[in-house]
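Trainee: predicted structure and sequence below. I'll ask about it afterward.
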Amino acid sequence: STLPADGGAGVPTETVLEVTFSQPPEDLDGFFTIDPPVEGSFQYYGSTAVFCPTMSGDGEFKTETEYTVTIAAGARGKDGGTLAEPYTFRFTTGAEEGLGFEVTTRAETVLTEDYPVIDLYTWAKQYKADGLNRTLDYEVAVYRLNEEDYLRQLYRASLYGEMTPMATDGLTEVLRFTQSGEEIFGEANYSGDIVFPETLPAGWYLASVEAPGGAVQKLLQVQDTAVYTQISGDQVVLWFNSAASGESLAGAKIELIRDPFSGEKPAYTFTADENGVLTFALPDFDAEAGSGWNTYNGKPHYFYRATAADGTVYYDVISGYFVESRRLNWDYFTFLYTDRELYRREDTIHFWGIVRPREDALPIREVELQVGRGGEAMESLTVPVSESGIFTGEYSYTGLASGGLEFIAYPAGLADEEKNYHHQI
């Protein structure tokens, strides 16, 4: 099967291409062609190969263009199978005429007592259509999803950068309504909210919004689990609570899922303590080497399923960050404050801050404050740090033009790339 489907029309130019085989495919680079050509690269998830355009230059789909995709005969599967004859599918991209709109967040969890919201914004290239969004009607259709479909769509939305539109044929429609642009956007030109007219029962849903000039989809997870997440390097803290009872979810089971398309069992299983708290290290994660599960756009993604004692199931994704080298603020608690946010063109800025070791790091005795604008350093001053890790000082200036001013602080004597915190005024 493919996404877009064979013969699909009006396909967004920001789409990715999915091809699902009967078994996990090997490298398709030598067997894949697209006409007209589009530059991109493959990602593989179980039996599904995803072609992701580079989204720049020759890596963009053009509007109102028919594309022909061919997988040549001889493409091999990891289980030993071979594609006996070429497989071809075609689709046509849509026009950019009209408004064009998108959602800010592609997936969101909503409590059962809350009215779901779809956040819309219009594309920057359509700003000339001042007020057009307020003259349209927006039709919303909501479909129920099963757990598997929700997790797979969450996977797509998180990893591809764009959520491949999901076909709604065969899905159960649970709600349909229309809202005017005036209701959604009010006096705003480019952003607004569709507020549902009613709440939804616990479960997983796909909401589709259509209006002249565009169509978008958003995933909704409706249930009463509240999760606090904190990540530092490869260390993760999750705290599970029930928003309905206000109690922690003691003994919640958490399963890390490497690839929801593969049909494999969860790779790791953990259990929260009696307070609903769980701490663990992300498996196979190396921030400095840039390795981890489901890496996309410089970020690893770890998908998990949490099951409470009462059977309530919650899905989410943990995203870590890669860095080229260890940063100073991993080893120090750092804060920087100023006495106010707005200053005159001739004024004195009073500041204070903290740079205190976290564990085994050595104390810092001096910090250097770099004062600049637009990334350009104007002046720097060195400030002593007390034994308790506190520093204070002031900076006076005259005749500055209006605009932002940046304070960047780092341990004295270290290069600017080692800066560990900053404050913009």
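Mentor: That came through, no problem. These figures come from a predicted structure and were not determined experimentally.
Trainee: for the rest of this, base every contact and every neighbour count on C-alpha atoms.
Mentor: Noted.
Trainee: helix, strand or coil for the residue lying closest to residue 207 once chain neighbours are set aside?
Mentor: Distances taken as CA to CA, 6 or more residues apart in numbering place residue 142 nearest to residue 207, at 4.4 Å, with adjacent residues excluded. Three-state call for residue 142 (DSSP: H, G, I helix; E, B strand; the rest coil): strand.
Trainee: and the residue nearest to residue 82 when sequence neighbours are not counted, what does it touch?
Mentor: Excluding the flanking residues, the one nearest residue 82 by CA to CA, 6+ apart is residue 76, at 4.5 Å. Residues near residue 76 by CA atoms under 8 Å, 6 or more residues apart in numbering: 25, 26, 27, 82, 83.
Trainee: neighbours around the fourth one, how many?
Mentor: The reference is to residue 82. Using other CA atoms under 10 Å, residue 82 has 14 neighbouring residues.
Trainee: kindly report the same for the first one.
Mentor: Residue 25 has 24 neighbouring residues, counting by other CA under 10 Å.
Trainee: tell me the pLDDT at the closest residue to it other than its chain neighbours?
Mentor: Nearest residue to residue 25 in three dimensions, chain neighbours excluded: residue 77, at 4.1 Å (CA to CA, 6+ apart). Note for residue 77: predicted pLDDT of 90.
Trainee: what's across from residue 373 in the sheet?
Mentor: Per DSSP bridges, the residues bridged to residue 373 are residue 376.
Trainee: one more: residue 239?
Mentor: With DSSP bridges as the rule, residue 239 is bridged to residue 228, residue 277.
Trainee: let me know the pLDDT of it.
Mentor: Reading off the model, residue 239 has pLDDT 93.
Trainee: which helices and strands does the biggest helix by length in the chain pack with?
Mentor: Secondary structure assigned by DSSP state H gives helix 147-159 as the longest helix of the chain. Judged by 3 or more CA pairs under 8 Å, 6 or more residues apart in numbering; DSSP states H and E, the packing partners of helix 147-159 are strand 203-211, strand 214-222, strand 301-307.
Trainee: most tightly surrounded among those?
Mentor: strand 214-222 (a mean of 23; mean count of other CA atoms under 10 Å).
Trainee: mind listing residues that contact the strand of greatest length in the chain?
Mentor: In the chain, with assignment by DSSP state E, the single longest strand is strand 347-357. When contacts are defined by CA under 8 Å, 6+ apart, strand 347-357 is touched by residues 331-339, 343, 363-364, 385, 388-398.
Trainee: for it, buried residues please.
Mentor: 349, 351, 353, 354, 355, 356, 357 (16 or more other CA atoms under 10 Å).
Trainee: how far does that strand sit from the chain's center?
Mentor: 33 Å (CA atoms, centre = their mean, to the nearest Å).
Trainee: looking at strand pairing, list the partners for residue 304.
Mentor: residue 256, residue 316.
Trainee: average pLDDT across stretch 26-37?
Mentor: 92.
Trainee: and for stretch 51-65?
Mentor: Across stretch 51-65, pLDDT averages out at 82.
Trainee: compute the first-to-last residue distance for it.
Mentor: 18 Å (CA to CA, to the nearest Å).
Trainee: distance check, the residue nearest to residue 82 against residue 30.
Mentor: As for residue 76, its distance to residue 30 is 11 Å (criterion: CA to CA).
Trainee: so what's residue 51 bridging to?
Mentor: Beta-bridge pairing of residue 51 under DSSP bridges involves residue 17, residue 42.
Trainee: spit out the contact partners of it.
Mentor: Neighbours of residue 51 in contact, by CA under 8 Å, 6+ apart: 16, 17, 18, 40, 41, 42, 43.
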